[in-house]
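> need coordinates for the below:
(4 chains)
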Number of protein chains: 2
Amino acid sequence: MRPTANRQSRADEEPVVSCAPHDVLTHLGDKWTILVLSMLAQAPENRARFSEIKYGVLGISQRMLTLTLRILERNGLVSRHYFPEVPPRVEYQLTSMGKSMLHPIEVFTGWIKENWPAMEQARRDYDAAANVSN
Amino acid sequence: MRPTANRQSRADEEPVVSCAPHDVLTHLGDKWTILVLSMLAQAPENRARFSEIKYGVLGISQRMLTLTLRILERNGLVSRHYFPEVPPRVEYQLTSMGKSMLHPIEVFTGWIKENWPAMEQARRDYDAAANVSN
DNA sequence: CGGAATCCTCCATGATACTG
DNA sequence: CAGTATCATGGAGGATTCCG
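Prediction:
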């Protein structure tokens, strides 16, 4: 996400503008954040090391996992624990704030699971109607 | 979502793969969807015409509003009502499924409002620590 | 008015190589 | 092992134009 305070607007504004919820959802909606959070949600003590997350989240590159974890850490949702061993070991764990985010996410995923069939049906209907007119 | 590449994983672990929640969150998290939904949530009868939404969502281009509404319509969250007048008038309204999505969204935005100050503080702390070491 | 078509820019992500 | 650095690229989104 980019710096948030740079939106120019006119003096007579009251419409819907970018807001905190949108910023957070933009992060959640990126390609990997939700998957990394889900992985940590399932891990014992909500804690796992870098390589565990990497192999637990199929397809994520080292680079993107690093970047995703950095953002989560920066926002206080995940804590980073570095162990200066040889070879080095780094563990990531959901913070209390990170854990508190799991409930809203579950409410949402619950809604999705409930409505997913209806959404798929809607898509089929929509696409079928489009094909007729084409 | 891309096909999930086969990757080695320990037999007793279930890797986190791309899933429906992620797909939905990816859409919600895009640049405009949440703002358009919020606009409709506030509108009388959750209904507004194209130009109303366009002026209610600051900064959205005609193109992106059209695309965003198409996706919402395709997924059955918004219904499109075309009036063949001159000039033409098109209204968009949340469907019952679209309305049912508002509660999970509110749960989420509630969490965000509650935790936003802590997230901002976490960012300040993180950035301050980074500046010290640089 | 609503929106389709076109062109273009830039950023998020991927791939690869290197390192403490 | 857990990164960082660098380069390449596909696609999201903006600007503009045309249309029924």
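> what residues does chain A put near DNA strand D?
Those residues of chain A that sit near DNA strand D, judged by C-beta under 7 Å from any atom of the strand, are A:49-51, A:54, A:62-63, A:66, A:69-70, A:80, A:82, A:87-90. Placement of C-beta: from N, CA and C, glycine included.
> looking at those residues, which has the most residues close by?
Counting neighbours by other C-beta atoms under 10 Å in any protein chain shown, A:L69 comes out on top of the residues of chain A next to DNA strand D with 21 neighbours.
> tell me the first helix or strand C-terminal of the one helix or strand it maps to.
A:L69 belongs to helix A:62-74 when assigned by DSSP states H and E. Remark: after helix A:62-74, the chain's next helix or strand is strand A:78-83, criterion DSSP H and E.
> sheet partners, orientation included, of that next one?
strand A:89-94 (antiparallel) (DSSP bridges).
> helix or strand right after the strand it pairs with?
Next along from strand A:89-94, by DSSP H and E: helix A:96-100.
> now do that next one: distance to the chain's middle.
Chain-centre distance of helix A:96-100: 14 Å, with C-alpha atoms, centre = their mean, to the nearest Å.
> tilt between the next helix or strand after it and strand A:89-94?
Once the chain leaves helix A:96-100, the next helix or strand it forms, by DSSP H and E, is helix A:102-133. Between helix A:102-133 and strand A:89-94, the angle comes out at 80 degrees (axes from the mean of the first three to the mean of the last three C-alpha atoms, to 10 degrees).
> mean confidence for helix A:102-133?
Per-residue pLDDT values over helix A:102-133 give a mean of 91.
> elements contacting that helix?
With contacts taken as 3 or more C-beta pairs under 8 Å, 6 or more residues apart in numbering or on different chains; DSSP states H and E, helix A:102-133 sits against helix A:33-42, helix B:20-28, helix B:62-74, helix B:96-100, helix B:102-133.
> thinking again about what came up before, so which of the residues of chain A next to DNA strand D also contact DNA strand C?
A:62-63, A:87-88.
> most widely separated two among those?
A:R63 and A:P87 (19.2 Å; C-beta to C-beta).
> and A:W111, what is it in contact with?
B:100-101, B:103-104 (C-beta atoms under 8 Å, 6 or more residues apart in numbering or on different chains).
> give me phi/psi at A:M101?
phi -80, psi -20 (degrees, to the nearest 10).
> list the contacts of it.
Here A:M101 is in contact with A:37, A:77, B:111, B:115 (C-beta under 8 Å, 6+ apart).
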